[in-house]
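*Asks:* Next one to model:
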Amino acid sequence: MKGRLTDQPLAELIREIASKGLSGTLRLEHERAQAAVYFEDGQVAFAASNIRTLRLREYLTKQDLVSPAQLADLGNNLSDLGLAAALSTRGLVSQEDINAMLASLVNDTLRVALLWMEGSWDFNERARLGDPVRVKIDTGKLLREAAHRLPLSFVSLRFRNPGETLSRAAQVSGQFLPGEGFMLSHLDNPKNVEQLIRLSGLREDDAYRILYGLTLSGLVTREYWQNAFRAQSAATSKSKTTGDVSSPPASETDSRWGSVEAEKDLQPFFSRLREASNYYQVLDLPLTAQPTEIKDAYYALARRYHPDRFHLRSGTALHAEISSAFARITQAYETLTDPKARSTYDLALQKARKAPDAAQKPSVDIPAPVAPPDNSMPGPPDEPESEVGSSETGNAEHNFEEGCEALKQGRINAAIANLAAASRIAPREARYRAHYGRALAATEKTRRLAEREIQAAVALDPGNANYRTMLAQLYFDLKFHHRAQTELDRALALDPNNPAAHSLLRKIGSSGEAR
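*Replies:* Purely as a prediction, here's the structure:
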């Protein structure tokens, strides 16, 4: 089994291997650095690296346990375990000191490799550790430590579904950092990600890192994991020591992501959305729905139909339809949970119902443009789509041209403001949506909003290679290299000579992320 660390980082691979009780060797490669992690029944037995400072010989030299002459006499070609065996056989170092150094070596090797966000991995269940030495380490503690050192931009993307349910493990004990203990104390009952981060009272970046570490170590179980291995080992039924990575929820046992049963509900779900003509119908709620009912409805839909649940379908027409549908659900949720936006939206609905041709107007399948969460930026549209007059069309085009010029000059805020205005006036104009998304993509905090805008442009004009290339560039910037390659393939299929697509293709190739 092989993969990319951008999709499955080492921390999540260790969690999954432990939860499934797998045995074998996990080999990692990051630029010129390599590492091998050996597992037995899900537990780390040993780890080694080709990094010179992470070799046993270096540890012996630093601690001055063996003289340079003695090391030279042992030879330079021994592996770490071979060197440890030679030291023990000759009585140069006590077995207790050897075990302590090997444990330190394994811990340090994992600490370094856990920070590799790019590179490849390869797991071989047939490759086993031949040496009898087994190192015992606290894997859960290592994973929690690693979560605190990972970039926030990476950690937050591991929780893309705010409605995902989290719960505390049945038995939790040990020593925790204050933030970890505080987070665990708020999980007396299952909560979703958004609720837990809000209730924790912690800064968002601290909360995400703590939560990621707790879920990796099995102290908190989450509803969805992006699994790398299809096989489910019988060892998952074995009871595990508290602090070890826990078994995955039952919802994961059907496939690597989501279940076959979940796909059976998709067509009725799509049909219902196609018939929905307003945000209330999108969420299947009455006009009088209370805020708590709106949130409950959204989270219920997220648990069943969030695109991440169908990760294995990524790049297919089905996954694109799921993403488009859920973007519409999210837009409905964001509008109806904002009191001011909901009030304006309700007023617009009343006016629409009074219009003589309101009943004949088709529902809107393309999500309305989304503005970034910044008071200086234009907010999301408050009214349903309506016919655009010639004067408004002129205004939209003017805003679009102003926005594109600002984007060329690097005036991102001005670009976003103008392009958002153009998109609100004419939400079905694909180029407005695409360039609005491109402007949003220039700022890290609004890249997730950018994805929705460019996806909307692709849905409006699926034959435009430039829009697909924009989407591929965004995925590349987010380090979703497989998604970037998929969109790039589609762009080149539409326009084999597209210069922007070829430029990005060369960039992916030079980064070592080409398929």
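*Asks:* What residues sit buried inside stretch 336-354?
*Replies:* 336, 341-342, 344-346, 348-349, 352 (16 or more other CB atoms under 10 Å). Placement of C-beta: from N, CA and C, glycine included.
*Asks:* could I get it in PDB with only the CA atoms?
*Replies:* This file holds the C-alpha atoms of stretch 336-354, laid out as PDB (Å, rounded to 0.1, in the frame of the first residue of the first chain):
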ATOM      1  CA  LEU A 336     -30.300  31.500   8.100                       C
ATOM      2  CA  THR A 337     -28.000  31.500  11.200                       C
ATOM      3  CA  ASP A 338     -27.100  35.100  10.700                       C
ATOM      4  CA  PRO A 339     -30.000  37.100  12.200                       C
ATOM      5  CA  LYS A 340     -29.500  40.100  10.000                       C
ATOM      6  CA  ALA A 341     -29.000  38.100   6.800                       C
ATOM      7  CA  ARG A 342     -32.000  35.900   7.600                       C
ATOM      8  CA  SER A 343     -34.200  38.900   8.200                       C
ATOM      9  CA  THR A 344     -33.300  40.400   4.900                       C
ATOM     10  CA  TYR A 345     -33.700  37.000   3.200                       C
ATOM     11  CA  ASP A 346     -37.200  36.500   4.700                       C
ATOM     12  CA  LEU A 347     -38.200  39.900   3.400                       C
ATOM     13  CA  ALA A 348     -37.000  39.000   0.000                       C
ATOM     14  CA  LEU A 349     -38.900  35.700   0.000                       C
ATOM     15  CA  GLN A 350     -42.100  37.600   1.000                       C
ATOM     16  CA  LYS A 351     -41.600  40.000  -2.000                       C
ATOM     17  CA  ALA A 352     -41.000  37.100  -4.300                       C
ATOM     18  CA  ARG A 353     -44.200  35.300  -3.200                       C
ATOM     19  CA  LYS A 354     -46.200  38.400  -4.000                       C
END
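*Asks:* mind listing the helices for the stretch 201-350 of the chain?
*Replies:* Secondary structure of the stretch 201-350 of the chain (DSSP state H, counting those that start in this stretch): helices located at 204-216, 260-264, 266-275, 279-282, 291-305, 317-336, 339-354.
*Asks:* Comparing those helices, which yields the minimum mean pLDDT?
*Replies:* If the helices of the stretch 201-350 of the chain are sorted by mean pLDDT, helix 260-264 sits at the bottom with a mean of 55.
*Asks:* re earlier: now the buried residues of stretch 336-354 in a markdown table, please, with extra columns for distance to Arg144.
*Replies:* A markdown table is the format used below for the buried residues of stretch 336-354 (distance: CB to CB, whole Å):
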| residue | distance to Arg144 |
| --- | --- |
| Leu336 | 37 |
| Ala341 | 39 |
| Arg342 | 40 |
| Thr344 | 45 |
| Tyr345 | 43 |
| Asp346 | 46 |
| Ala348 | 48 |
| Leu349 | 48 |
| Ala352 | 52 |
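*Asks:* hang on, the earlier thing: out of the helices of the stretch 201-350 of the chain, nearest to Glu401?
*Replies:* helix 317-336 (26.3 Å; CB to CB).
*Asks:* on that earlier part again, from the buried residues of stretch 336-354, which single one is nearest Leu184?
*Replies:* Distances from Leu184 to the buried residues of stretch 336-354, taken by CB to CB, are shortest for Leu336, at 32.4 Å.
*Asks:* correct me, but the closest one touches Val282?
*Replies:* No: using CB atoms under 8 Å, Leu336 makes no contact with Val282, being 9.2 Å away.
*Asks:* how near is the closest residue to Leu492 other than its chain neighbours to Asn124?
*Replies:* Leaving aside its sequence neighbours, Leu492 sits nearest to Ala501 (CB to CB, 6 or more residues apart in numbering; 5.2 Å). Ala501 sits 36 Å away from Asn124, taking CB to CB, to the nearest Å as the criterion.
*Asks:* Give me the more crowded residue out of the two.
*Replies:* Of the pair Ala501 and Asn124, Ala501 is the one with more neighbours under other CB atoms under 10 Å, namely 25 against 13.
*Asks:* How about the secondary structure of that one?
*Replies:* helix (DSSP: H, G, I helix; E, B strand; the rest coil).
*Asks:* Could you report the neighbour count for Ile137?
*Replies:* 18.
*Asks:* ok, it to Asp108 distance?
*Replies:* To Asp108, Ile137 is 11 Å away according to CB to CB.
*Asks:* could you dump stretch 11-31 to CSV, C-alpha only?
*Replies:* The C-alpha trace of stretch 11-31 is given here as CSV (Å, rounded to 0.1, in the frame of the first residue of the first chain):
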residue,chain,number,x,y,z
ALA,A,11,0.5,10.7,12.6
GLU,A,12,-2.7,9.5,11.0
LEU,A,13,-1.0,6.4,9.6
ILE,A,14,0.3,5.5,13.0
ARG,A,15,-3.2,6.0,14.4
GLU,A,16,-4.8,3.8,11.8
ILE,A,17,-2.2,1.0,12.0
ALA,A,18,-2.6,0.9,15.7
SER,A,19,-6.4,0.9,15.5
LYS,A,20,-6.4,-2.0,13.1
GLY,A,21,-3.6,-3.9,14.8
LEU,A,22,-1.5,-4.2,11.7
SER,A,23,2.1,-5.6,11.5
GLY,A,24,4.7,-4.6,8.9
THR,A,25,7.1,-1.9,7.9
LEU,A,26,6.1,1.6,7.0
ARG,A,27,8.7,3.3,4.9
LEU,A,28,8.7,7.1,4.5
GLU,A,29,10.5,9.4,2.1
HIS,A,30,10.7,13.2,2.4
GLU,A,31,13.0,14.9,-0.1
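*Asks:* Any stretches of the chain with poor pLDDT?
*Replies:* Within the chain, the stretches with pLDDT under 70 are 230-264, 308-309, 311-315, 354-394, 511-515.
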